Each structure stands twice: as structure tokens, then as C-alpha cells.
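>>> I would like the atomic coordinates for the input below:
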Amino acid sequence: MARRSRVRAVATAAGAVALVAWVFGTGPARADTADAAREMTVRFTEHEVFIGTEPAAVNVVYRWKVAGGGTAHHVHLTVDLSKVADFAEPAPSQHCNGNLCTLDLASATSDFHPITLVPKPGAAIGSSGTVTVSGTASDATVTGDHLTLTNGKTQLKVSASADQLDQVPGDTLTYPLHVWNNGQLPAAKGVQLRIDTTAGLHLQGSWANCRDVSASGRGGHIVRSTLCDLPTPVEPGRQYALSSPLHVKVGDEAWRDKIFYEFTPLTSAAPANGPGTPLSLVPSGAMPSDGNTTPYFTTYVNSVNHADFAVTGDTVTGRRGGHATLHATVIDRGPAVVQFVQDDYASLPVLVKLPPGTKATKIPDNCQPPPTDDGSDPGPRMGRSSYQCDFGEPAPGDRHVLSFTVAIGPRTPAVSTGQVRTLEIMPGLDPDASNDSAALTLRLAQGGSAGSGTAGGSGSVSGGPSAGSGPLADTGFGGGRIAWAAGALLLAGGMALALSRRSRGGN
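All right, here's what the predicted structure looks like:
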């Protein structure tokens, strides 16, 4: 009977293992991996490619990837150039023979391979055809791809504009833009003009064929984007001017700004049904022999302006051994929008010195110990008496409140005063120094223990531990060892009393 029981137990265990394997799919997982390895895709990185431009040669790149991270074996890839053979050919390569370029791989997971194509001498400009890539593998199905290759290209260039480095709010800037085509193919349907501006620059006027679009994603502090569809064909070797120069006003919020403009070939024009006369292109002779070499340009505009940063302090009441919270307020009264459009970042630094005799137990996230002169690590964030807080990209109307919870030491004066003040971003930017600093004052309450105090001023006080953003560091207040010893004595006394009572209860 014992043997039968053991046999049944072994059978039951084996069944349980089989059930677990069936539920969690340990067997089919290997099959899934094998299935994944049978799917391999090959894709061109670009699907519209031009040759015969600057430079004349072009690299055609294709990538392959085996689905599910698997591996394909004995892979043979072929790029077929037969449909572009009348105007393009591959550069000399061990992988190419005539109109076919091949690549053999013993195993493949994911990678890429380039092929250099060059135009044939005397090939007709505008010729176009299809290039395909396909493949086979011993244990995978390979899915290929195709692209369109064209001999020649439209290459637009725009006129440059000088930087404006000494403007004042109220000025109007003029941009008489020119565009030309030094490619081989015309912009047959015309061109599209994009105009991007930052907060301190305001494009003047409106045109029937121009519209504002979302500036989201443009970056570089762009707040307004305008698109203008100009259906005039732009022929190779010719230059064209806007029918009316662009006028841009320097706004009250100007300080560090830029205007970006770009011409691109037009594929389809939007209906010209906006207000105003349509903006158009006017032929203006042959294209320049030198000048800007891109279809876009950025002009920087610096303005003489100011921004008033004001701070207010706080007064609170607390008791030695307790905690209090001080609030400092920072207000950006403008009018300038503070931004560094070339560095893409600007910040307003504020220095906070807590009242003497206190140490921070909770601080704002954007505050750190002041940087050291030698650039070394300033150390832990908690338990300090001074901090530097930074406000990125300050804008007019911004209001920030900095809240600091502090522990009040045993030697804190009856009235202890710290300070909050702004630090200079750039000389002369904030000419009103009268509101750049304010007091942070702690007054000690009279009488009572730390736990029985009441709030004073606009701050708060309590005798319990702070719900800080980290543990309080060694503050060096003094008396810490005495408090620890007293606590240890109380604990020892309580334990002795409990043992005594237990002893008496057992007798």
C-alpha cells in the first residue's frame, strides 16, 4: 500500500507540473520564438531620393530587422537598379555588379547597409524610377521595400539678414526677403514661406494666403508661426523677391529674441481666403553667385529693456526646540521676457538666508545649497541655513512662493532675521533695487513649551517634527547629547518600573 501511495504521489506531482506548464505556456514559448525568427523586414531609410545635386552622389541606405529579436540564417539581399539604369549607377563596390547589388549574411538580427549611387554623364534632368530591395533566408520570410530616385532636385536658398543688437520696444524691423533656386529642377507649384518669432517680436500685417499655425514643437522659444503659400514657380538659376517686405515690431516684452524664416517647395496650396492682399513673389533677376547656402535663416534681435523682480518676506512666531515655516514670495513684474534664445535656457536665481539659529528641515524642490567657489559638491540639502533657488524662464506675471520649514535651535535669539533677495541675471536688467530683498523674521513666543505655541505673523509654528523632504542633518545647535541622555534615562526608568510591577504581580 505504501508503494502504491508513493506511485500515486509521484503521478500527482507530475500531473501538477504538466498542468503548470500548460497554464504558463513553457512549451509554446519556444515555438513563438521560432515563429518570430521567420519574419524579417528590409526597409529603406528614405523613400524619395535625389542625385545630381550637391553633392552629386547619394547614399541609399536599407535596414533589416528580424521580428521578436530572433535570428535569420543564410540571408541573401538584393537591390535592383534596373529601373533607374538610364540615369544612375552604383559606385564601384564588391557588392554591386551591373544593375544588381547583393549582400550575403550567414546570420542576421538587425543592421543596415549603404549603397552609393551616382548620376550617369549626360543623363536627362528629371528622370525618375524605382529602386527595390528584396531578399531570401533559409528560415525566414523576407519582406522588401522600394524608393523613388530622381535625377536632379529643387534647391532653394534665401537671403541673409543682419542681426539687430540695439533695439528698443516700439521699433519696427524690415525684412525684404529673397529666394532663389540653384538646383536643377523648378519648384513647379511654387514655395511655402514659414515665419517663426519669439515673444518680443510681432509680425505686422495680414495677407490672404498666409495663416497662423500652432508653434507647438518648434522649440527655441518660438511662440508664433505663420505659413504663406506662394504659388509662383521658382525656376532654376532665378531669384525672386517678396511683393512686400516683412515688417516686425519690437514689443514691450522684448529682450533676447529671434525671427526664423524658411522657404520650401510647395506641394499643394491652401485656399487664399484670409484678410488682406495676397503676398506673392516677384522675379528679381539671376540668382546671386554667393550668399546664404540654406533655405532658412535666423536673425537675432537684442533689445534694451528691463524686468522688475520683486520679493516679499515673512514674519513668524516659534519656540526653541520647535519648528516654524517661513514663506518668501518672488514676483516677475516684467515687462521683458527673460530668455536666452541661443543658449535655450535662462533662470532667475534667488538667495535665501534663514534666520540665525535655525536650520532647514523642509525646502522647495528648486532650491539647493549655494554653489561653492571651486565648483565642488556643496553637500547635503537638509540642515542648511542658506539656499539658492532658481526659476527657469521667468515671464511677466509669474508669482512663486518659497516655503521653508525650519528647526529652532536652543540658542536662537528672541528676534532672528534672515533674508531673501534676487541675484543679478545681467547688469542693468533690473534697475529697481528697492524691492530686490526682504526680511525673513522669526520671533520667539513668550512662555510655554515648544508644543503649546501659536502661529505668529503669516507663518506657522509647531512643537512636533517637521514633515520635511529629508532627515534633519547635524545642526550643531548644542544640547543634542543632553537630550539624548535624558531620553535614555527616561526609557531606562520606564523599563525598571514595568519590571517592578511585573515582579510584584507575580508574587
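
>>> list the buried residues of stretch 366-374.
367, 369-370 (16 or more other C-beta atoms under 10 Å). C-beta: built from backbone N, CA, C; applies to glycine.

>>> what do you get for stretch 47-55?
Result for stretch 47-55 [16+ other C-beta under 10 Å]: buried residues 49-53.

>>> of the residues you listed, closest to Ile125?
Gly52 (7.1 Å; C-beta to C-beta).

>>> I'd assumed Gly152 was in contact with the closest one.
Yes - Gly52 is within contact range of Gly152, at 5.1 Å (criterion: C-beta atoms under 8 Å).

>>> would you turn the buried residues of stretch 366-374 into a markdown table with distance to His146 and pLDDT?
Output for the buried residues of stretch 366-374, formatted as a markdown table (distance: C-beta to C-beta, whole Å; pLDDT from 0 to 100):
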| residue | distance to His146 | pLDDT |
| --- | --- | --- |
| Cys367 | 57 | 95 |
| Pro369 | 60 | 91 |
| Pro370 | 61 | 87 |
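
>>> list residues touching both of Gly52 and Gly152?
Shared contacts of Gly52 and Gly152, defined by C-beta atoms under 8 Å, 6 or more residues apart in numbering, are found at 125, 184.

>>> what about the buried residues of stretch 47-55, which are in strands?
If you go by DSSP state E, the buried residues of stretch 47-55 have 49-51 in strands.

>>> please convert the residues you listed to a markdown table, extending it with distance to Leu351.
Listed next are those as a markdown table, based on distance: C-beta to C-beta, whole Å:
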| residue | distance to Leu351 |
| --- | --- |
| Val49 | 57 |
| Phe50 | 57 |
| Ile51 | 60 |
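
>>> Leu100 and Thr78 touch, don't they?
Yes - applying C-beta under 8 Å, one finds Leu100 in contact with Thr78, separated by 6.0 Å.

>>> out of the two, which sits in the busier spot?
Between Leu100 and Thr78, Thr78 has the larger neighbour count (other C-beta atoms under 10 Å), namely 16 against 13.

>>> burial measure for Ser214, as a count.
8.

>>> how about it: what's its closest non-neighbour residue?
Leaving aside its chain neighbours, Ser214 sits nearest to Ser225 (7.0 Å; criterion: C-beta to C-beta, 6 or more residues apart in numbering).

>>> bridge partners for that neighbour, pull those for me.
Asp196, Val213 (DSSP bridges).

>>> can you check Val401 too?
Thr329.

>>> and it, how far from Thr329?
Taking C-beta to C-beta, to the nearest Å as the measure, Val401 falls 5 Å from Thr329.

>>> of those two, who's got more company?
Neighbour count, other C-beta under 10 Å: between Val401 and Thr329, Thr329 has more, with 15 against 12.

>>> follow-up on the earlier one: give the contact list for the residue nearest to Ser214.
Ser225 sits next to 194-196, 212-215, 218 when contact means C-beta under 8 Å, 6+ apart.

>>> helices along the stretch 1-150 of the chain, start to end?
All helices of the stretch 1-150 of the chain, identified by DSSP state H, counting those that start in this stretch, fall at 2-24, 26-36.

>>> for Cys96, grab the count of nearby residues.
When neighbours are counted by other C-beta under 10 Å, Cys96 comes out with 19.

>>> give me the beta-bridge partners of the residue lying closest to it once chain neighbours are set aside?
Nearest residue to Cys96, sequence neighbours excluded (C-beta to C-beta, 6+ apart): Pro90, at 4.1 Å. Beta-bridge pairing for Pro90 (DSSP bridges): Leu117.

>>> my guess is Pro90 meets Ile115, correct?
Yes - if you go by C-beta under 8 Å, Pro90 and Ile115 touch, sitting 5.8 Å apart.

>>> where's the most centrally placed residue in the chain, which helix or strand?
By C-alpha atoms, centre = their mean, the mean C-alpha position of the chain lies nearest to Gly219, the distance being 8.8 Å. Under DSSP states H and E, no helix or strand contains Gly219.

>>> that one and Thr197: what is the separation?
13 Å.

>>> tell me where the stretch 151-300 of the chain has strands.
Using DSSP state E, counting those that start in this stretch, the strands of the stretch 151-300 of the chain run over residues 156-158, 164-167, 172-175, 178-181, 191-197, 201-203, 210-213, 224-230, 238-242, 246-250, 256-265, 281-286, 296-303.

>>> return the most buried member of these.
strand 178-181 (a mean of 25; mean count of other C-beta atoms under 10 Å).

>>> which residues touch Leu185?
Applying C-beta under 8 Å, 6+ apart, one finds that Leu185 lies in contact with 125-126, 150, 152-154, 236.

>>> return the members of these classed as buried.
Buried members of the contacts of Leu185, scored by 16+ other C-beta under 10 Å, are 150, 152-154, 236.

>>> count of residues packed around Pro431?
By the measure other C-beta under 10 Å, the count of residues near Pro431 is 9.

>>> same question for the one 5 residues further on.
Look at Asp436: counted by other C-beta under 10 Å, it has 17 neighbours.

>>> wait, what's in contact with the nearest residue to it once chain neighbours are set aside?
In space, and not counting its chain neighbours, Asp436 is closest to Thr422: 4.9 Å by C-beta to C-beta, 6+ apart. Contacts for Thr422 (C-beta under 8 Å, 6+ apart) come out as 309, 311, 330, 348-351, 430, 436-437.

>>> go again with 10 Å.
308-311, 330, 332, 348-351, 391, 394, 430, 433, 435-437 (C-beta atoms under 10 Å, 6 or more residues apart in numbering).

>>> domain map for the protein?
The record's domain split for the chain, according to automatic domain parsing, is 39-151, 156-303, 307-469.

>>> how long is the first one from one end to the other?
What it means is domain 39-151. 34 Å (C-alpha to C-alpha, to the nearest Å).

>>> can you list which of the contacts of Thr422 are found in strands?
308-311, 330, 332, 348-351, 391, 437.

>>> out of those residues, which are buried?
When these are checked against 16+ other C-beta under 10 Å, the ones flagged as buried are 308-311, 330, 332, 348, 350, 391, 437.

>>> flag the shaky bits of the stretch 301-450 of the chain, pLDDT-wise.
Counting by pLDDT under 70, the stretch 301-450 of the chain has low-confidence residues at 343-344, 375-376, 447-450.
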